[in-house]
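1. Sequence first, then the predicted structure, then my questions.
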Number of protein chains: 2
Amino acid sequence: MRCFAIFDWGGIKSEPSYRHSVKLFHIARNWKNLLAKCLSSAKTSSDPADIILRYSTDTIQGRYPWKPKPRTDLIGLENQSVYIAGNEGLGVVEQLGSEVDPHDWRVGDWVIMGKPQLGTWQSHTNLKATDLIKLSRSEKLTEVQAATMAVNLATAFRLIKDYYHPEDPHFKDGWIIQNGANSSVGQFVIQLCKAWGIGCIGFVRDRPEIESLRSHLIGLGQPDRTKIITHEEFESDESLRTQLKSLNICLGFNCVSGSVTNQIMKVLRPNSSLVTYGGMSMKPITVPTASLIFKNLQLKGFMLTQSLSTQPASAKADLMNDLLALVEKGQVSEQANAEIIDVDGLPKVQDALMKAMGGKTDMPECKIKPNDLITALIQRPAYKSQIRVPGIPEGSNA
Amino acid sequence: MRCFAIFDWGGIKSEPSYRHSVKLFHIARNWKNLLAKCLSSAKTSSDPADIILRYSTDTIQGRYPWKPKPRTDLIGLENQSVYIAGNEGLGVVEQLGSEVDPHDWRVGDWVIMGKPQLGTWQSHTNLKATDLIKLSRSEKLTEVQAATMAVNLATAFRLIKDYYHPEDPHFKDGWIIQNGANSSVGQFVIQLCKAWGIGCIGFVRDRPEIESLRSHLIGLGQPDRTKIITHEEFESDESLRTQLKSLNICLGFNCVSGSVTNQIMKVLRPNSSLVTYGGMSMKPITVPTASLIFKNLQLKGFMLTQSLSTQPASAKADLMNDLLALVEKGQVSEQANAEIIDVDGLPKVQDALMKAMGGKTDMPECKIKPNDLITALIQRPAYKSQIRVPGIPEGSNA
């Protein structure tokens, strides 16, 4: 079996040997486990919030608070620290290991990763059944939905459920305000606000196709309770600001940080929370002291992985069931601009990387540039095709 | 009765007519109420956090979220918006009005303001008994303590009580970290940490007399659980930073804002709160996105007045009793560098203002400069002495 993976061997963060590359390798399977084909999700949007690869490489570089566990078991290369990139994707079970209960699992089951950092940017992987969550199949559940719901839809769901409390008078006739409204999470927030009767205001950057983007985003929501505003409109239009201040904007979500986040703080009503779940501008948030003391705003952070890690193991499966119910009711549509990448062969990998890395000109701190990756791919000497034949002992090359 | 007050007639905030001045006037008393002599507190320290007048004028200028109520009843000048400055001070009851119960009150009682913005920078005032809180007298309670406890000690007390929860495992063997450690609130925080067995780390600015300041502040606390650090030491001493990171620093207080506040965020342990109750640098807080998402820090604001306003009317009196109990136990000493100003005559007022406004070179946005005030005082034509004789109808001049 040919297995492709985008991985790193070597360093965490600032090590000079740090290098990403793509390799064809065999899987040194543990036949007690499940073997799944990975269908990674990638977005072709140029919005920074949509770039999955960046999150993946951030993790590998150690910018995230955990270090992914090297997986020597996957490729049978001992003494080599290999990290497979990718958190988000859909797996399709291809074979069951000896300790997998055939009553619980069958070939063709759809699975998503039940833990962070298991690696989805590879063509195949073997994992313990307990590390996977099986998705109930439904006609309404597309591959793209299944591949993206565990991270972006789940984040949108938890952001609202955890911070918007309809029974609290503070949230009466409430509106949520968010930036990065065209990000994956942002689009799900708009849809969930519609499903749950919450007003939703979204900031986006100005762009040539702003009106079609605005129509698309408003179309995801409840028309009279959804507003899409550019940062530039907010700055130039005083009547718009006055109008916003007349609404009960009682909760804010930030995935951008930087100066534009202050626009949210200006219209949030007193005693509200601004929850940050991303910082795609790579800039900090500048918080006026008065907004804390006089307005009593609270600034909080949310990260799905971190949040789930403090909950019982069943929490993620329960969450997925909640999300599947939303899909069944038709309350969330397939993520726009997302597509499934079958990481199975160098051209496809290269293509996916190019798509994922495109349009990143305003991410100055991102260390990996599209050309670097291409170079890394091209400079590899020769790709050795290795086939893993079932029954041959772990670690051997066929 | 000669009555001096530092007040403003005219504008709120940006009005060109805005001007502070000091005036001698008569009190057009409502004889149903209490007449109290005001003993305002002033601090001679040059630390910006200690400047009471700035708070007072901030309020008058409308930088605070409420506008003080003009008090035409005080001076008998109709159609003039007069705001008396000052929130903090001690009152001594001089006369009881007709509707004041002589069983509850007597001449000589010590009182503090039970509501914000009643004005303490005047020699005398008349107020409803329900707007005042009577302090139980004790040999341990000095005038200075009585005059300053309602704001600074109360703030320190509530900051710790509201945000430090000893029963929560997060706070086990906990340390509080604060900047402006030599401010009035900061010094009370150190003393309360000692009283309640909490470690206390305080940041101060470097200065020529740093070692004597350090000794003074450490002397207020529990020696082995109190650390005083300059911002410069923190930046230059890596072993100090490492040492701090080994402690459970589980709560931060900020009264400075600006870049130095990031030092606190660097050593706060994950899931902690940074509570801002002042912003004396006049600069915003720059919050790295990662400290919200990965460290799960929460940024909150605290303002005593605001906080009390959401509680029952009895809350402030209960709070004062708690503070008096601390004084009785000898757990809080008199505020250093504070003195009582009897605002009774132009030279004293002038002197107090000069003391209060001194050392403010790093407060670029403060619109009132010592010289402005002196000019305002001197440029007034002639001070008219007006005596209020009991029994003469309200509004008349004697």
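-> Perfect, thanks for sending it.

2. Around chain B, pick out the residues from chain A.
-> By Cβ under 8 Å from any Cβ of the partner chain, the part of chain A that sits against chain B consists of A:63-65, A:257, A:276-279, A:284-303, A:306. Placement of C-beta: from N, CA and C, glycine included.

3. Going by neighbour count, which of those residues are buried?
-> Buried subset of the residues of chain A next to chain B (neighbour count, 16 or more other Cβ atoms under 10 Å in any protein chain shown): A:63-64, A:257, A:276-279, A:284-303, A:306.

4. where does the stretch 151-300 of chain A dip in pLDDT?
-> Counting by pLDDT under 70, the stretch 151-300 of chain A contains no low-confidence range.

5. Please, where are all the helices along it?
-> Using DSSP state H, counting those that start in this stretch, the helices found in the stretch 151-300 of chain A span residues A:154-163, A:184-196, A:210-220, A:231-236, A:238-245, A:261-267, A:289-293.

6. Make a markdown table from those helices and add distance to B:Val92 to it.
-> Listed next are the helices of the stretch 151-300 of chain A as a markdown table, based on distance: least, Cβ to Cβ, whole Å:
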| stretch | distance to B:Val92 |
| --- | --- |
| helix A:154-163 | 49 |
| helix A:184-196 | 58 |
| helix A:210-220 | 64 |
| helix A:231-236 | 53 |
| helix A:238-245 | 45 |
| helix A:261-267 | 44 |
| helix A:289-293 | 32 |
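
7. distance of A:Asn254 from B:Thr276?
-> Going from A:Asn254 to B:Thr276 by Cβ to Cβ, to the nearest Å gives 18 Å.

8. cool, A:Arg137 as well?
-> 50 Å.

9. go on, A:Val144?
-> In this view, A:Val144 and B:Thr276 are 43 Å apart by Cβ to Cβ.

10. Wait, A:Leu96 touches A:Gly108, no?
-> No: the criterion here is Cβ atoms under 8 Å, and A:Leu96 misses it with A:Gly108 at 10.9 Å.

11. Give me the more crowded residue out of those two.
-> Ranked by neighbour count (other Cβ atoms under 10 Å in any protein chain shown), A:Leu96 and A:Gly108 place A:Leu96 first, with 20 against 9.

12. Quick check: phi and psi on that one?
-> When read as degrees, to the nearest 10, the backbone of A:Leu96 gives phi -110, psi 130.

13. can you pull the pLDDT of it?
-> With respect to pLDDT, A:Leu96 has a value of 82.

14. what pairs with it across the strands?
-> Beta-bridge partners recorded for A:Leu96 (DSSP bridges): A:Leu34.

15. same deal with A:Ile177?
-> A:Ile201, A:Gly252.

16. Tell me if I'm right that it and A:Lys245 touch.
-> No: at 11.5 Å, A:Ile177 does not count as touching A:Lys245 under the criterion of Cβ under 8 Å.

17. Please say which of the two ends up with more neighbours.
-> A:Ile177 (27 against 12).

18. Now do the lengthiest helix in chain A and helix A:184-196, the angle between them.
-> Taking DSSP state H as the criterion, chain A has its longest helix at helix A:314-328. If you take axes from the mean of the first three to the mean of the last three Cα atoms, to 10 degrees, helix A:314-328 sits at 70 degrees to helix A:184-196.

19. between helix A:314-328 and helix A:154-163, how big is the angle?
-> Going by the same axes, to 10 degrees, helix A:314-328 makes 110 degrees with helix A:154-163.

20. Check which residues of helix A:314-328 are buried.
-> By neighbour count on 16+ other Cβ under 10 Å, the buried set for helix A:314-328 is A:316, A:319-320, A:323-324, A:326-327.

21. Alpha carbons of it, as PDB, please.
-> Provided in PDB are the C-alpha atoms of helix A:314-328 (Å, rounded to 0.1, in the frame of the first residue of the first chain):
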ATOM      1  CA  SER A 314     -17.300  10.900  25.800                       C
ATOM      2  CA  ALA A 315     -17.700  14.700  25.300                       C
ATOM      3  CA  LYS A 316     -16.400  14.800  21.800                       C
ATOM      4  CA  ALA A 317     -18.600  11.900  20.700                       C
ATOM      5  CA  ASP A 318     -21.600  13.700  22.300                       C
ATOM      6  CA  LEU A 319     -20.600  16.900  20.500                       C
ATOM      7  CA  MET A 320     -20.500  15.100  17.200                       C
ATOM      8  CA  ASN A 321     -24.000  13.700  17.700                       C
ATOM      9  CA  ASP A 322     -25.200  17.200  18.400                       C
ATOM     10  CA  LEU A 323     -23.600  18.400  15.200                       C
ATOM     11  CA  LEU A 324     -25.000  15.500  13.200                       C
ATOM     12  CA  ALA A 325     -28.400  16.400  14.400                       C
ATOM     13  CA  LEU A 326     -27.900  19.900  13.000                       C
ATOM     14  CA  VAL A 327     -26.900  18.400   9.700                       C
ATOM     15  CA  GLU A 328     -30.000  16.100   9.700                       C
END
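
22. What are the contacting residues of it?
-> With contacts defined as Cβ atoms under 8 Å, 6 or more residues apart in numbering or on different chains, helix A:314-328 is touched by A:112, A:114, A:133, A:135-136, A:138, A:140-141, A:145, A:149-150, A:153-154, A:157-158, A:192, A:195, A:308, A:332.

23. Please apply the same query to stretch A:155-174.
-> Against stretch A:155-174 from outside (Cβ under 8 Å, 6+ apart): A:176, A:185-186, A:188-189, A:191-193, A:196, A:198-199, A:248-251, A:253, A:271-273, A:275, A:277, A:300, A:302, A:304, A:307, A:319, A:322-323, A:326.

24. So chain A: which segments form each domain?
-> A:21-28+A:48-148+A:338-372, A:152-307 (the TED database).

25. and the longest one, how far apart are its ends?
-> Which is domain A:152-307. 14 Å (Cα to Cα, to the nearest Å).

26. cool, and stretch A:228-247?
-> Using Cα to Cα, one end of stretch A:228-247 lies 15 Å from the other.

27. buried residues in that stretch?
-> Quick answer for stretch A:228-247 (16+ other Cβ under 10 Å): A:228-231, A:234, A:241, A:244, A:247.

28. Distance to A:Thr261 added to these, as a markdown table?
-> Converted to a markdown table, those look like this (distance: Cβ to Cβ, whole Å):
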| residue | distance to A:Thr261 |
| --- | --- |
| A:Ile228 | 17 |
| A:Ile229 | 14 |
| A:Thr230 | 15 |
| A:His231 | 10 |
| A:Phe234 | 12 |
| A:Arg241 | 16 |
| A:Leu244 | 15 |
| A:Leu247 | 19 |
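
29. A:Gly89 contacts A:Trp110, correct?
-> No: with contacts counted by Cβ under 8 Å, A:Gly89 stays clear of A:Trp110, the gap being 10.9 Å.

30. Near the closest residue to A:Trp196 other than its chain neighbours, how many other residues are there?
-> The shortest distance from A:Trp196 to any non-neighbouring residue, by Cβ to Cβ, 6 or more residues apart in numbering or on different chains, is to A:Ile160 (7.0 Å). For A:Ile160, the count of nearby residues is 21 (other Cβ under 10 Å).

31. mind checking how far A:Ile160 is from chain B?
-> Noted for A:Ile160: a distance of 17 Å to chain B, by Cβ to the nearest Cβ, to the nearest Å.

32. A:Asn152 too?
-> Noted for A:Asn152: a distance of 15 Å to chain B, by Cβ to the nearest Cβ.

33. Compute the number of surrounding residues for that residue.
-> The number of residues packed around A:Asn152, counting by other Cβ under 10 Å, is 25.

34. If anything else comes up later, I'll come back, but that's it for now.
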